[in-house]
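J.: Predicted model, plus sequence, below.
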Amino acid sequence: MLYPIAILPGDDDHAWGVEVPDIPGCFSAGDDLDDAMAMAREAIEGHLQLLAEEGGAIPIANKVTVHAANPDFAGCIWALVDIDVTQYMGRAEKLNITLPGYLLKRIDDYVKSHPDQKSRSGFLASAALKVLQGA
């Protein structure tokens, strides 16, 4: 999932601040832009790990345009952090499903041509998550 991060530029006396608008209370900072983005990933993963341990829902990621219109983020630089949220959803369970052959072929062709899709199961989980989160 691509989580937008709002980055407030730092200066000689202040670190670069980071806020993750879709994850309440998720903040970070870094010495420069690269460090701020790396620290944002750690902050997001830490928050999601805590939510998973507490049985909380994984927050959906909105588009940058949703947040960029918010005056609280005026002057921020925007970036996206790609997080594999499936690891925070519990242990994988095996199941048997039936799909039409044509649909299965299209899924397999898509997975083969998109390296970010690691498997048929990963693709189906990602597609289901998008639908269930209203994306």
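T.: On my side now, so go ahead. The model shown is predicted, which means the values in this text are computed figures rather than measured ones.
J.: From residue 59, how far off is the spatially closest residue to residue 47 that is not a sequence neighbour?
T.: Nearest in space to residue 47, with sequence neighbours left out and distances taken as C-beta to C-beta, 6 or more residues apart in numbering, is residue 26 at 4.7 Å. The C-beta positions use only the backbone N, C-alpha and C, and glycine is treated the same way. For residue 26, the distance to residue 59 (C-beta to C-beta, to the nearest Å) stands at 9 Å.
J.: again with residue 4
T.: Residue 4 sits 12 Å away from residue 59, taking C-beta to C-beta as the criterion.
J.: what touches both of these two?
T.: residue 22 (C-beta atoms under 8 Å, 6 or more residues apart in numbering).
J.: Quick check: which ranges of this structure have low pLDDT?
T.: Using pLDDT under 70 as the threshold, the predicted model of the chain has low-confidence ranges 134-135.
J.: domains of it?
T.: Domain assignment for the chain by automatic domain parsing gives 1-90, 92-135.
J.: Give me the distance from the longest one to the chain's centre.
T.: A distance of 9 Å separates the C-alpha centroid of domain 1-90 from that of its chain, computed with C-alpha atoms, centre = their mean, to the nearest Å.
J.: same deal with the last one?
T.: Per C-alpha atoms, centre = their mean, the displacement of domain 92-135 from the mean C-alpha position of its chain is 18 Å.
J.: List the buried residues of stretch 100-118.
T.: Taking 16 or more other C-beta atoms under 10 Å as the neighbour-count basis, stretch 100-118 is seen to contain the buried residues 107, 111, 117.
J.: which stretch of helix or strand covers residue 122?
T.: Assigned by DSSP states H and E, residue 122 belongs to helix 120-132.
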